[in-house]
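Engineer: Fold the following, please.
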Amino acid sequence: MSGGFKSYVNMNEVVKTGEEVPKKDVRKIANEVFGGPLEPKLLSGELVIAEAQNVLKFDSTDDFNHGISGALFCTNFKISFVTADRSSYDIGEMNHRNQLLSEHDISLTCVEAVYQVWNGKKKRLPASSNIQGRVGIVEIHCKDFRILPFSFKFTPKEAERNVVNAIMHHAFPTSLDLLFAFEYNPGKNLRIGIADTPEFRAVKDWERELSRVNPSGWRVSFANTNFKMSDTLPEQFIVPSSLSDHDLNNSSPHFVDGRVPLWSWSHQNGSSLVRMVELRTDTTQTQYLESMFRAIESTHPERTKASVIDLGRLCPSPKYIQQSYFKLRDLCMPAGADEFWAADQKWYSLLDGTKWLQCVSACLSVSSTVAERIAGSRQTVVLREYDGRDLSCVVASLVQVILDSHTRTLVGFQSLVQKEWVVSGHRFTDRLHHVHAKDKENEESPIFLLFLDCVWQLLQQFPSCFEFTETYLTTLWDSARVPLFATFLFNSERDRYVACMDAKRDKNDNTSPILMSVWDWSLQFSDQDRLLFNNPLYGGKLAEYFPENPSNGPTVVPPNPGNTLGSFKSRNKWKSKKKKQGAASAQVSFASPSIPSFNGPLFPINVGAGLKLWTQCYMRWIPWAHTIGGGPPSEYLHQCLLVDELHILNMKIHSLETSSPVKDELNTSQESGMFFTFDSPRGFDANDSLTSAFPYSPIGSMDRKSVVGTPLFSFLRRMSVSSYNGAAANGED
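Structural biologist: Got it, this is the predicted structure:
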């Protein structure tokens, strides 16, 4: 797409394999697929609020030229379009989809806006509006950059009005208790699969973290038990051992929101990373701030002075990030092919105009500098932000990803998000705009997405250092907008507690609601689908096959410690970035690329060509931007096959060395932990099915929502690695 290049694939010439379904056969096919009339799959506690039959769902990229007929439902959890079209439902594939949201479903909290389309013009419908007349066509714009058009041309007027009004009312809730998380009741189907991910709501989790990092001079504090000291801090957190809980209670009223300094992490050299808010503007008791600094500096083995990083000056503001995100969203949600190709001609300038990558660059730059001061200069660093709940979450997390290899594992990363974001009081309710209250309209800002984008940049530059894939990061961002999970619903732990108590009082049986955690991925995906999260290039995985070889991969050179950080405004200029690009590019030099160094520090290139657009997340629904049979998914396929082959060979070698019987090759391949394996079904050429948007590729001309590669399963039934490799060896096309 970029640089004015256009796809060699003419979308109008693609042969559609799905059969057109005559209207008289729709009811018959519906009975075959569903065993009855068209109905959505409902979760426990989910209720249908309104429905409309004979609704047309159009292809958002085809100018309303192609659509399929079905029924549109609005529940208290999602908007669901159910169709009996053969191209959308394969009876044999019904179990290979997201277990919560089907291919044409959208959770209510993922709705960004609803537009009425009339005579080619669009009008945004206000939240909670009450439609009286005909609507005609509506476009639902989603927060994951999808556009879903529906036509009610053949729908009875009353049903049309009811379903549209239901969507407008329930997609924009005015309070948290209206979200589906408080209605869901798993009952006997409750599955707890998060035992490996600490939630930091028990003292044992904090003690385990202290034991893992093994810092000197720090302890777990209980000063905020029952949230008596601060509404936004967790009930337990880590503070300098020299501070008693009494000292913390005396100091707390002088800091914003009562948030005393909060420990994040410690390096093995004794330096620590601490998050701190500013003093309240109405206090003159600066001795409390000085006493906090003395206590923090006393934890360093050399008692060196702590370095203070002012994030308010060095990082973009939440408002700036939101404005940049809006521009990025507009760029990545073209209304049609004409708008897409017009933007393609000046893609780089339009992308630069969003300033999104500048925000990413700023966060990576500050985080790299903090990491160098901790690891290189052996300084304790204090991150200072007004309320300590936005950019300090980003930078504190990135510093740990850069320096601590544990946070680059799947469980370690989830633990990091839980510790630095969820329990530390990031305002997910406001920043993700879960509640549409008038006094919160200006609080929205995708700061968590910005963090995930920064991690994705690190993953691209150091692919062997992360246990997870970009699909995991994209799925995590999508899951943040699924109202079933309470992980990303609240502004603080106290808000979570209060919401649970209120819900308990409202229930007839006086039982507390069961709030689900996003870390239990089994609620959404099958064991097979979750293999998409496993990175075949991860050094920790490859080390299993080469245990005796030294780790001599990327040699990382820290930034020059003499460099000083300018303000975000001064660094947010193209000329200054262009001058710095050469020096930044020299920060990474590569030695022999045999076994990657996966557990060392990572200092990324954070300007210029070192940064890329996260296309899987932002452009997955734009078919013109996809490469058929190419892109990162094609590389991922071959990487998986290579690791799977290594696993099989390793098992055979072990069998020969120990004189033990050789395992069945099918079972051996399944143990490699790779999504693509040698035991895949036969008869398919991967280059004809994988697109650069895998596993979010559209099928035919209809958008596919399933996160776990819905187009993949028909391909898996026919594919054979042996036949694929044989065709390649014989030079077949």
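Engineer: Okay, and the closest residue to Pro463 other than its chain neighbours sits in which element?
Structural biologist: With sequence-adjacent residues excluded and distances taken as C-beta to C-beta, 6 or more residues apart in numbering, Pro463 is closest to Leu537, at 4.8 Å. C-beta: built from backbone N, CA, C; applies to glycine. Assigned by DSSP states H and E, Leu537 belongs to no helix or strand.
Engineer: same deal with Ser397?
Structural biologist: Under the criterion of DSSP H and E, Ser397 resides in helix 391-403.
Engineer: ok, then the element right after that helix?
Structural biologist: Once helix 391-403 ends, the next helix or strand along the chain (criterion: DSSP H and E) is helix 410-417.
Engineer: Restrict the helix or strand that that next one is followed by to CA atoms and write it as PDB.
Structural biologist: Using DSSP H and E, the helix or strand that follows helix 410-417 in sequence is helix 428-431. The C-alpha coordinates for helix 428-431 follow below in PDB (Å, rounded to 0.1, in the frame of the first residue of the first chain):
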ATOM      1  CA  PHE A 428      -9.600   2.100  31.800                       C
ATOM      2  CA  THR A 429     -13.200   3.200  32.300                       C
ATOM      3  CA  ASP A 430     -12.400   6.700  31.200                       C
ATOM      4  CA  ARG A 431      -9.600   6.100  28.700                       C
END
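Engineer: What is the burial count for Val256?
Structural biologist: Residues contacting Val256 under the criterion other C-beta atoms under 10 Å number 19.
Engineer: Skipping its backbone neighbours, what lies nearest it in space?
Structural biologist: Nearest residue to Val256 in three dimensions, chain neighbours excluded: Val277, at 4.4 Å (C-beta to C-beta, 6+ apart).
Engineer: next one: stretch 527-541 to chain centre, how far?
Structural biologist: 16 Å (C-alpha atoms, centre = their mean, to the nearest Å).
Engineer: What residues of that stretch count as buried?
Structural biologist: Neighbour-count burial for stretch 527-541 flags 529-541 (criterion: 16 or more other C-beta atoms under 10 Å).
Engineer: gap between the two ends of that stretch?
Structural biologist: For stretch 527-541, the separation between the terminal residues is 19 Å (C-alpha to C-alpha, to the nearest Å).
Engineer: can you check stretch 598-612 too?
Structural biologist: 22 Å.
Engineer: Flag every buried residue along it.
Structural biologist: Buried residues in stretch 598-612, counting neighbours by 16+ other C-beta under 10 Å, are found at Phe598, Gly600, Pro601, Leu602, Phe603, Pro604, Ile605, Asn606, Val607, Gly608, Gly610, Leu611.
Engineer: From Ser298, how far out is the fifth one?
Structural biologist: Separation of Phe603 from Ser298 (C-beta to C-beta, to the nearest Å): 29 Å.
Engineer: what residues does the host helix or strand of Met292 touch?
Structural biologist: Assignment of secondary structure by DSSP H and E places Met292 within helix 287-298. Under the contact criterion C-beta atoms under 8 Å, 6 or more residues apart in numbering, helix 287-298 has outside partners 217, 239-240, 242-243, 247, 250-251, 254-255, 260-261, 272, 274, 276, 279, 303-306, 380, 382.
Engineer: Give me the buried subset of those.
Structural biologist: Applying 16+ other C-beta under 10 Å to these flags 217, 239-240, 243, 247, 251, 254-255, 260-261, 272, 274, 276, 279, 306, 380, 382 as buried.
Engineer: Of those residues, which belong to strands?
Structural biologist: Among those, the ones falling in strands (DSSP state E) are Val239, Pro240, Ser272, Val274, Met276, Val382.
Engineer: Which one of those residues is nearest to Lys504?
Structural biologist: Nearest to Lys504 among these, counting by C-beta to C-beta, is Val239 at 31.6 Å.
Engineer: Quick check: closest non-adjacent residue to the closest one.
Structural biologist: Val239's closest residue in space is Ser221 (C-beta to C-beta, 6+ apart), at 4.6 Å.
Engineer: That neighbour touches Asp245, doesn't it?
Structural biologist: Yes: using C-beta atoms under 8 Å, Ser221 is in contact with Asp245, at 5.8 Å.
Engineer: Just the pLDDT for Asn249.
Structural biologist: Per-residue confidence (pLDDT) for Asn249: 95.
Engineer: in which helix or strand would I find it?
Structural biologist: helix 245-251.
Engineer: any residues touching that helix, and which ones?
Structural biologist: Ser221, Phe222, Ala223, Met229, Val239, Val260, Tyr288, Ser291, Met292.
Engineer: swap in stretch 504-513?
Structural biologist: Against stretch 504-513 from outside (C-beta under 8 Å, 6+ apart): Asp177, Ala181, Phe182, Cys500, Met501, Ala503.
Engineer: Pull the most distant pair out of those.
Structural biologist: Maximum pairwise distance in these, criterion C-beta to C-beta, is 14.6 Å, between Ala181 and Met501.
Engineer: between these two, which one's more packed in?
Structural biologist: Per other C-beta under 10 Å, whichever of Ala181 and Met501 has more neighbours is Ala181, with 25 against 11.
Engineer: residues in contact with that one?
Structural biologist: Ala181 touches Pro483, Leu484, Phe485, Ala486, Leu489, Pro513, Leu515, Met516, counting by C-beta under 8 Å, 6+ apart.
Engineer: Mind telling me what element the closest residue to the third one other than its chain neighbours is part of?
Structural biologist: Once flanking residues are discounted, Phe485 sits nearest to Val518: 4.1 Å by C-beta to C-beta, 6+ apart. In this assignment (DSSP H and E), Val518 forms part of neither any helix nor any strand.
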